[in-house]
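Engineer: no FASTA, just this:
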């Protein structure tokens, strides 16, 4: 790593030490052992608490404030690894050797180049679309260009493993945890979707193509929204540096490159969140990974998921000054309104990602008057919230609270905070899709019917007006 970035590594390691000190007393993790299906669990609305599958990819312990990728603590990965290496780890399950990482980086660089897809993208009014809408469109254009999935007379390589429609299982049937679908067709061998043939849009190559491609699309969309032409990718730059370069037109400093790399690592995976679940649901139907990632992008666009970091910057600008923090917060509390960037469905400790991004935001805004102002407002707001809601309800800053300040310090505008989130999360989405497809079962939760029965049909001419 560059010598100028050593201070960033030290910031991350201090955050690790703080996290260990504050949460070491918490109990050991639950739900971290192989499951004997069926499993009993407490389920809330929106499938909260439901266990849908097993995974070795990532783990979140909300009580301890842990975030684990393939057994590695997020602090260590941020301090010593790179986004390319973490992506390899998520997909393959182990850290690469030097030669493996070098070959993987070359593959990702090769897949950055999508001239025809960018030309097709430019034929749409991108400047009038939300960047996430542009990304959804772009992944479909990638699918059209690089796969055969939408071609006439296309024959899928999934034909041998398609089971009978599992909707034929009566919903009143109590689940027994069968390994395979109840009514599936018998096959000599249940092959899995691990094809590396890009044209079938299902294998690892398609995942790597999307990992690079979504970053390329984000850069192109950023330029088009500025009224400029997309910038050609630079093969000499790392994944993080090239992302900044293609978005802003400026080659990043080593510090900017390193902090973007850390941010991408922090956002790469986070359990069975809404966008990951959306991706896996689409994949479970034996659709392809391009459509799965498109579903993830659509879910991530929602303001309760990836869009929250945009709202944080709007909120800080609305507060306007440190002196206004306390009265602003008191008004919010009185109205019982949500304070953006605080609280998490999982964490009841300080979000480990925010523990890293908070000090990095301070580091990045030292030389920016406007950035320093926003950071001081954020610090003051954090103090108010934690001193009240932190004690009462274990509500602390989440990953969205400081990430926008970090991006703003790099000259990235608010509408691109969520696309950057998507660029990173492609690694987690695709890794989990590939893992799930090794023992695929179509997702089929149940809704509890609460409507009436035995209503009499009344002909339209006899109905009351």
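Structural biologist: All right, it came through fine. Remember, it's a predicted structure, so these values are computed and weren't measured experimentally. Numbering: from 1, shown residues only.

Engineer: surely residue 85 meets residue 95?
Structural biologist: Yes. If you go by CB atoms under 8 Å, residue 85 and residue 95 touch, sitting 6.6 Å apart. To be clear about C-beta, it is placed using only N, CA and C from the backbone, and glycine gets the same treatment.

Engineer: return the set of buried residues in stretch 128-147.
Structural biologist: 129-144, 146-147 (16 or more other CB atoms under 10 Å).

Engineer: and residue 220, what does it touch?
Structural biologist: Contacts for residue 220 (CB atoms under 8 Å, 6 or more residues apart in numbering) come out as 118, 121, 122, 138, 230, 246.

Engineer: name the element it belongs to?
Structural biologist: helix 204-225 (DSSP states H and E).

Engineer: what residues of that helix count as buried?
Structural biologist: Judged by neighbour count (16+ other CB under 10 Å), helix 204-225 contains these buried residues: 204-225.

Engineer: do stretch 77-94 as well
Structural biologist: Neighbour count says stretch 77-94 has 77-79, 81-91 buried, by 16+ other CB under 10 Å.

Engineer: what of stretch 305-322?
Structural biologist: Going by 16+ other CB under 10 Å, stretch 305-322 has these buried residues: 305, 306, 307, 308, 309, 310, 311, 312, 313, 315, 316, 319.

Engineer: next one: stretch 291-301
Structural biologist: Neighbour counts using 16+ other CB under 10 Å place 291, 292, 293, 294, 295, 296, 297, 298, 299, 300, 301 of stretch 291-301 among the buried residues.

Engineer: what is the nearest of the residues you listed to residue 239?
Structural biologist: residue 293 (16.7 Å; CB to CB).

Engineer: quick check: the closest one touching residue 210?
Structural biologist: Yes. Applying CB under 8 Å, one finds residue 293 in contact with residue 210, separated by 5.2 Å.

Engineer: who touches both of these two?
Structural biologist: By CB under 8 Å, 6+ apart, the residues touching both residue 293 and residue 210 are 139, 426, 430.

Engineer: how about the helix-or-strand element of the chain with minimal mean pLDDT, which residues are buried there?
Structural biologist: Lowest on mean pLDDT, DSSP states H and E among the helices and strands of the chain sits helix 391-393, with a mean of 74. Across helix 391-393, burial judged by 16+ other CB under 10 Å covers no residue at all.

Engineer: OK, contacts around the closest residue to residue 300 other than its chain neighbours?
Structural biologist: Among residues not flanking residue 300 along the chain, residue 306 sits closest, at 3.7 Å (CB to CB, 6 or more residues apart in numbering). Shown in contact with residue 306 (CB under 8 Å, 6+ apart): 132, 275, 300, 418, 421, 422, 425.

Engineer: among the buried residues of stretch 77-94, which ones are in strands?
Structural biologist: Among these, no member is found in strands (DSSP state E).

Engineer: just the closest of those to residue 351, please.
Structural biologist: Using CB to CB, residue 78 comes nearest to residue 351 of those, at 13.5 Å.

Engineer: and residue 104, that's in a strand?
Structural biologist: No. Residue 104 is assigned helix when assessed by DSSP: H, G, I helix; E, B strand; the rest coil, not a strand.

Engineer: excluding covalently adjacent residues, which one is nearest to it?
Structural biologist: Leaving out its chain neighbours, the residue that sits closest to residue 104 by CB to CB, 6+ apart is residue 88, at 5.2 Å.

Engineer: for that neighbour, give its distance to residue 102.
Structural biologist: Counting by CB to CB, to the nearest Å, the gap from residue 88 to residue 102 is 11 Å.

Engineer: how about residue 110?
Structural biologist: Taking CB to CB, one finds residue 110 at 13 Å from residue 102.

Engineer: same check, this time on residue 137
Structural biologist: For residue 137, the distance to residue 102 - CB to CB - is 33 Å.

Engineer: same check, this time on residue 252
Structural biologist: 22 Å.

Engineer: ok, now residue 335?
Structural biologist: Distance from residue 335 to residue 102, by CB to CB: 55 Å.

Engineer: same check, this time on residue 382
Structural biologist: Taking CB to CB, one finds residue 382 at 41 Å from residue 102.

Engineer: so between the two, which is more surrounded?
Structural biologist: Counted by other CB atoms under 10 Å, residue 382 and residue 102 do not tie: residue 382 has more neighbours, with 21 against 12.

Engineer: just to revisit the earlier point, reformat the contacts of residue 306 as CSV; add pLDDT and distance to residue 60.
Structural biologist: Formatted as CSV, these follow (pLDDT from 0 to 100; distance: CB to CB, whole Å):
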residue, pLDDT, distance to residue 60
132, 95, 24
275, 95, 15
300, 93, 17
418, 94, 20
421, 95, 16
422, 97, 19
425, 97, 14
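
Engineer: wait, which of those residues is closest to residue 403?
Structural biologist: Of these, the one sitting nearest to residue 403 (CB to CB) turns out to be residue 421, at 8.0 Å.

Engineer: so which helix or strand takes in that closest one?
Structural biologist: Assigned by DSSP H and E, residue 421 falls in helix 417-437.

Engineer: how far is that helix from where the chain is centred?
Structural biologist: 5 Å (CA atoms, centre = their mean, to the nearest Å).

Engineer: next, the angle helix 204-225 makes with it.
Structural biologist: Interaxial angle of helix 417-437 relative to helix 204-225 (axes from the mean of the first three to the mean of the last three CA atoms, to 10 degrees): 170 degrees.

Engineer: show me what helix 417-437 is packed against.
Structural biologist: For helix 417-437, the helices and strands in contact under the criterion 3 or more CB pairs under 8 Å, 6 or more residues apart in numbering; DSSP states H and E are helix 83-92, helix 131-146, helix 204-225, helix 254-267, helix 274-284, helix 289-300, helix 308-319, helix 399-409.

Engineer: mind checking how far the second one is from the chain centre?
Structural biologist: Here helix 131-146 shows a centroid-to-chain-centroid distance of 17 Å under the convention CA atoms, centre = their mean.

Engineer: so which elements touch that helix?
Structural biologist: helix 115-122, helix 204-225, helix 289-300, helix 417-437.

Engineer: what is the orientation angle of the third one with helix 274-284?
Structural biologist: Using the same axes, to 10 degrees, the interaxial angle of helix 289-300 with respect to helix 274-284 works out to 150 degrees.

Engineer: where's residue 127 relative to residue 301, distance?
Structural biologist: Taken as CB to CB, the span from residue 127 to residue 301 is 18 Å.

Engineer: give the full set of residues in contact with residue 277.
Structural biologist: Contacts of residue 277 by CB under 8 Å, 6+ apart are 52, 299.
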